[in-house]
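quick one, structure for this:
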Amino acid sequence: MTNAVLLNNLDHRDLRVITTHGAAFGDEVMSAATFPQEFRQLQAQYPIVFHRSGERSFQPLALLGLRLGENLFLDGARWDAPYVPLAIQRQPFLIGEQPDGPMVHVDLDSPRISTTEGELLFREHGGTTEFLDRISQVLRTLHDGLAASEAFVARLLSYELLEPFVFEATLENGLECRLIGLYAVHEERLRTLDDAALLELHRHGDLEPLYMAVASIAQFRHLLDRMQRRHAG
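As a prediction, the model looks like this:
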């Protein structure tokens, strides 16, 4: 449960945000929501998959682990990858709708909130800090990207470009992991689309994220290697 309130420089002038990573800060999660424009940054480290969120809707996800509640990129207080998904970077902030439009909100119950350590949000004599300016940009990018995902997914479904898959593996120590209920881009169907379909996807800027998602599936091998090292012995 969150306690999200509209951020303002009167009530929250002394707030600080702890930017260290760690399980205590909510980073021990298996996946992070993403959107097509982020696929290029993600594909070099994280498998990009899709989770069914409704009868005809799917949410793109960056996989961080192979079991619920396990983030294989979390190494103590360090994130062991050069790129952190925006859905993780934005914590503990979120976009909330106000009469004037979407506005920055903050979860006051987040363990990242402090008045003694971390990054200040507002300058002593007014104005926002560089940290808050960066977070605001992250939130705008996320808000716009997630909104655009619905149409992207609809086009994928119209060409039957998502297929379910099951991932199963057994570690050397006997630990088993099994992922079900996820979908990936259907590589063979993408490869055999006719010219009209390819032109339509190109016109909407869909081809690059589609190929990024296909390429990202190779990262399952690296996730499994990370899991093997974590649970060795």
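
every contact and neighbour count from this point should use C-alpha atoms.
Fine.

neighbours of residue 126, how many?
Neighbourhood size, residue 126 [other CA atoms under 10 Å]: 10.

next: residue 172.
Residues near residue 172, counting by other CA under 10 Å: 12.

what about it, which helix or strand?
Following DSSP states H and E, one finds residue 172 outside all helices and strands.

for it, phi and psi?
When read as degrees, to the nearest 10, the backbone of residue 172 gives phi -60, psi -30.

cool, the one 5 residues further on as well?
Backbone torsions for residue 177, taken as degrees, to the nearest 10, come to phi -130, psi 140.

buried ones in the longest helix along the chain, by neighbour count?
Assignment by DSSP state H gives helix 130-158 as the longest helix of the chain. The neighbour-count check on helix 130-158 (16 or more other CA atoms under 10 Å) flags 132, 135-136, 138-143, 145-146, 149-150, 152-153, 155-156 as buried.

you'd agree residue 184 is up against residue 167?
No - Residue 184 lies out of contact with residue 167 (CA atoms under 8 Å); the separation is 11.2 Å.

show me which of these two is the more surrounded one.
residue 184 (21 against 12).

looks to me like that one is in a helix.
No - counting by DSSP: H, G, I helix; E, B strand; the rest coil, residue 184 is not found in a helix; it is strand.

in this protein, what helix or strand scores lowest on average pLDDT?
Ranked by mean pLDDT, DSSP states H and E, the weakest helix or strand in the chain is strand 93-98, scoring a mean of 89.

quick check: angle from that one to helix 130-158?
Orientation of strand 93-98 against helix 130-158 (axes from the mean of the first three to the mean of the last three CA atoms, to 10 degrees) gives an angle of 80 degrees.

packing partners for strand 93-98?
Here strand 93-98 touches strand 101-107, helix 130-158, going by 3 or more CA pairs under 8 Å, 6 or more residues apart in numbering; DSSP states H and E.

residue with max distance from the center of the chain?
The outermost residue of the chain, judged against the average C-alpha position, is residue 125 (34.7 Å), by CA atoms, centre = their mean.

how much space between it and residue 9?
10 Å (CA to CA, to the nearest Å).

cool, and residue 120?
From residue 120 over to residue 9 (counting by CA to CA), the distance is 11 Å.

okay, the two: which has more neighbours?
The residue with more neighbours, out of residue 120 and residue 9, is residue 120; 22 against 14, by other CA under 10 Å.
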